[in-house]
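[1] coords please:
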Amino acid sequence: RLAFGDFQILTGLLRFNTSALPDNATVTSARLRLHVTGKADDDNRSLVGEWYPGSNWPIDATDWIQSTGTTALVGTDITGLIKNETAELALSGAGGAVSVSGYTGLRLGISGGQPTGDNYVQIAAFEHPSKPEPQLVVTYTLP
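    Here you go, the predicted model:
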């Protein structure tokens, strides 16, 4: 995010309790639902995401990094996200990343290097008083 002549790197860390999935489930796909509360896209950037071990909680300073990977979300153009609406984003690689016995984590970021303008996506979190919190929607099969 570029503000007042300086830029900041902000990272979103999400963790979902997926232990209610059956132990013998085969995860076939996953989607991330986010309620967008604000956005800026001066540099035509994308929201990206990577699977992040749920076991890394509690989080600390090492959990924030300069470049978020794309193992879960290759890139969703920020322009296509609509403020005050819920976006549903298809995730890749869910089969090997969604835990059936504990927590599943995601780390979100904005693509690209140093910005020339402001670029961000703000989402409602669990603590928001009226907007829906992020949801991980998992599809699976049973043997």
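[2] okay, CA-based contacts and neighbour counts for the rest of this
    Will do.
[3] ok, now which ones touch the residue sitting nearest the centre point of the chain?
    By C-alpha atoms, centre = their mean, the chain has its centre lying nearest to residue 108, at 4.1 Å. Applying C-alpha atoms under 8 Å, 6 or more residues apart in numbering, we find residue 108 in contact with 11-13, 47-50, 68.
[4] now the spatially closest residue to it that is not a sequence neighbour: how far from residue 106?
    Residue nearest to residue 108 in three dimensions, not counting chain neighbours: residue 49, with 4.3 Å by C-alpha to C-alpha, 6 or more residues apart in numbering. Residue 49 is 7 Å from residue 106, where distance means C-alpha to C-alpha, to the nearest Å.
[5] Low-confidence regions, the chain specifically.
    1-4 (pLDDT under 70).
[6] residue boundaries of the strands in it?
    2-3, 6-7, 12-17, 26-41, 46-53, 73-77, 85-91, 103-110, 119-123, 135-141 (DSSP state E).
[7] Tell me, how many residues neighbour the residue nearest to residue 108?
    As a burial measure, residue 49 scores 27 neighbours (other C-alpha atoms under 10 Å).
[8] How about residue 22?
    As a burial measure, residue 22 scores 13 neighbours (other C-alpha under 10 Å).
[9] Show the contacting residues for it.
    Contact analysis of residue 22 by C-alpha under 8 Å, 6+ apart lists residue 100.
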